[in-house]
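# no sequence on this one, just coordinates:
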């Protein structure tokens, strides 16, 4: 299963971020880096950090582990933004393992182009008869305020060297050798809760591939 690098530049993302956070959503579609992986979604689900009442299910099958080795920020706004960013990533994997491109989980945690990105990623897996298995790791996280807006930019490294695709029909796992392609950097532009809304949402996502600095 191919892993594709996102070509959006950091400068372009930062400019779009400033504009988007003064508006209510929208923006350009981010090209997608691969979040492809495995697990049929039929096994017993693992524990989910977003199992809070009123939140969508983002639990995963036992053969897929998503690990966030990211310290919780002391700032309550940043901590809430980080939690939703992590749940959005879990929701992507949940949609893949349940084979549902219209999964309500990613829709709950996203707006605008981030919603389109998640749908397109999950749809690609479903169309190719793949699901995800193995281990997906995120680390070296940081949170930053974006300009004078109330938005927060969440940045994390990703190691997908043990994140594999599994064919939903044959159950065959496609193992790959570790390479620089496995190390990525995620940037998630988070929009603060509006009105009665109490959850931060991903407004835009950028995934940069082949990031040497993320290699452990």
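Arrived safely, thanks for sending. Bear in mind that the values here come from a model prediction, so they are computed numbers and not experimental data.
# so the residue positioned nearest the centre of the chain is in which element?
Centrality entry for the chain: nearest residue to the mean C-alpha point is residue 89, 2.9 Å, by C-alpha atoms, centre = their mean. With the criterion set as DSSP states H and E, the secondary-structure element containing residue 89 is helix 76-97.
# Hmm, residue 192 is touching residue 151, no?
Yes. Applying C-beta atoms under 8 Å, one finds residue 192 in contact with residue 151, separated by 6.3 Å. Bear in mind the C-beta positions are built from the backbone N, C-alpha and C, glycine included.
# The two: which is more packed in?
residue 151 (23 against 17; other C-beta atoms under 10 Å).
# Just the element for residue 176, please.
Following DSSP H and E, there is no helix or strand that holds residue 176.
# Now do the buried residues in stretch 187-196.
Of the residues in stretch 187-196, 187, 188, 189, 190, 191, 192 count as buried by neighbour count, 16 or more other C-beta atoms under 10 Å.
# gap between the two ends of stretch 198-214?
Across its full length, stretch 198-214 reaches 32 Å end to end, with C-alpha to C-alpha, to the nearest Å as the criterion.
# what about that stretch, average pLDDT?
When pLDDT is averaged along stretch 198-214, the result is 96.
# Stretch 174-186 too?
Mean predicted lDDT for stretch 174-186 stands at 97.
# Could you do stretch 55-75 as well?
97.
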